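Q: how would this look folded up:
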Amino acid sequence: MIDLRKTEIKPLFLRGPSPAVRCGLLVLLAIVFMMLDFRAGHLDAIRSSLSLMLHPVRVAVDLPFVAINWVGESFTLRRQLLSENERLRTDSLENAARLQRLESLLAENRRLRALMESSARVADRVLVSEIMAVDLDPLRQHIVINKGTVHGAYRGQPLLDANGIVGQITHTSPVSSEAILISDASHAVPVQINRNGLRTIAVGTGDPASLSLPFLPNNADVEVGDLLVSSGLGGNFPPGYPVATISSITRDPASPFATVRAQPAAALNRNREVLLVWSTTEVPTPDAREAAER
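A: Numbering: from 1, shown residues only. As a prediction, this is how the structure comes out:
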């Protein structure tokens, strides 16, 4: 009987060199190639060919990383642009607000300068007052100012702006006063034509841009462009202050009086500040007149 465990199986092929020998041969071959390449550059062409062949592989390997970096940079750049855009928009709004405030301050400075120049031309004592409120009723042309009896304001006191007469105080309180504008339909100002001294009455129409002169006859010496100044009659307004300028004249033969309109000299619907005037010849209040009569 044959013992299979002791039977030796012969390999079909002879074994080659051992792994150590193979490694040594490869190292030796690599050293030889390195020396040849270093001394004569014989492998440059091979290296260039291999590099050219492997370039698509290198690009394909790098492409995902390049794409990921590009996407990340794109999102980062977009966030930066959005943030910068928001910052610039905020800066633009803030600068616009500052510019508007600056323009408002410049306009206020011009108004106050005009008031001061106007007060320098006025021989009477004056005080600048700010308009606090305006009556919204179109039939009532009234304002409220921030000066009252503690500042010396009194009933009937005239108000001016840089261009002419604005109105007069009707009610007073310690720290504020109510005034009627010359454009109120219930208000009248004794005036005279500056060119010839012709006296008449300027009556409010309820329109801040127009006054009426209802008592001028058709043959009155009045022309478009004539300046109307306060005459001082009645004691409410000191004489010589501009009131209005004649803007239109209509003469109807069937009517004894001409229809005359005048444009107020003061900016009645645009003022923010007015001048309180104390005449050198003080105008007594109605209460003072009653006390004097008693």
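Q: Just the strands from the stretch 151-294 of the chain, written as ranges.
A: Along the stretch 151-294 of the chain, counting by DSSP state E, counting those that start in this stretch, strands occupy 158-160, 165-172, 177-181, 188-193, 199-204, 211-212, 227-230, 242-250, 259-264, 273-278.
Q: and the angle for the last one with strand 177-181?
A: So the one you mean is strand 273-278. 100 degrees (axes from the mean of the first three to the mean of the last three Cα atoms, to 10 degrees).
Q: Then residue 113 would be within a helix, right?
A: Yes - the assignment for residue 113 by DSSP: H, G, I helix; E, B strand; the rest coil puts it in a helix.
Q: From residue 128, how far off is it?
A: 11 Å (Cβ to Cβ, to the nearest Å). Every residue, glycine included, has its C-beta placed from N, CA and C.
Q: So for the two, which sits in the more crowded spot?
A: The residue with more neighbours, out of residue 113 and residue 128, is residue 128; 14 against 11, by other Cβ atoms under 10 Å.
Q: thought that one was touching residue 277?
A: No - with contact defined as Cβ atoms under 8 Å, residue 128 does not reach residue 277; the gap is 11.2 Å.
Q: sec struct for residue 78, please.
A: Following three-state DSSP, residue 78 is assigned to helix.
Q: Oh, that last question was meant for residue 75, not what I typed.
A: helix.
Q: if we can go back for a sec, and of the strands of the stretch 151-294 of the chain, who's closest to residue 136?
A: Within the strands of the stretch 151-294 of the chain, the stretch nearest residue 136 is strand 177-181; the backing value is 13.5 Å (Cβ to Cβ).
Q: Just give the strands next to the closest one in its sheet, each with its orientation.
A: Paired neighbours of strand 177-181 in the sheet (DSSP bridges): strand 142-145 (antiparallel), strand 165-172 (antiparallel).
Q: where does the stretch 151-294 of the chain have low pLDDT?
A: For the stretch 151-294 of the chain, the stretches flagged by pLDDT under 70 are 280-294.
Q: swap the cut-off to 90 and go again
A: Scanning the stretch 151-294 of the chain for pLDDT under 90 picks out 160-164, 195-197, 231-242, 252-255, 267, 269-275, 277-294.
Q: coming back round to it: quick one: which of the strands of the stretch 151-294 of the chain is nearest residue 73?
A: strand 273-278 (59.0 Å).
Q: Direction included, what does the closest one pair against?
A: Strand 273-278 sits in its sheet next to strand 125-134 (antiparallel), strand 158-160 (antiparallel), going by DSSP bridges.
Q: which one of the ones you listed lies closest to residue 84?
A: Proximity to residue 84 (Cβ to Cβ) singles out strand 125-134 among these, at 42.8 Å.
Q: Could you pull out the buried residues of that closest one?
A: For strand 125-134, burial by neighbour count (16 or more other Cβ atoms under 10 Å) applies to 126, 129, 131.
Q: Go through those and say which is closest to residue 231.
A: Distances from residue 231 to the buried residues of strand 125-134, taken by Cβ to Cβ, are shortest for residue 126, at 20.3 Å.
Q: Go ahead and confirm the closest one touches residue 279.
A: No - Residue 126 is beyond contact range of residue 279, at 10.3 Å (criterion: Cβ under 8 Å).
Q: what's the first-to-last distance across stretch 151-170?
A: 16 Å (Cα to Cα, to the nearest Å).
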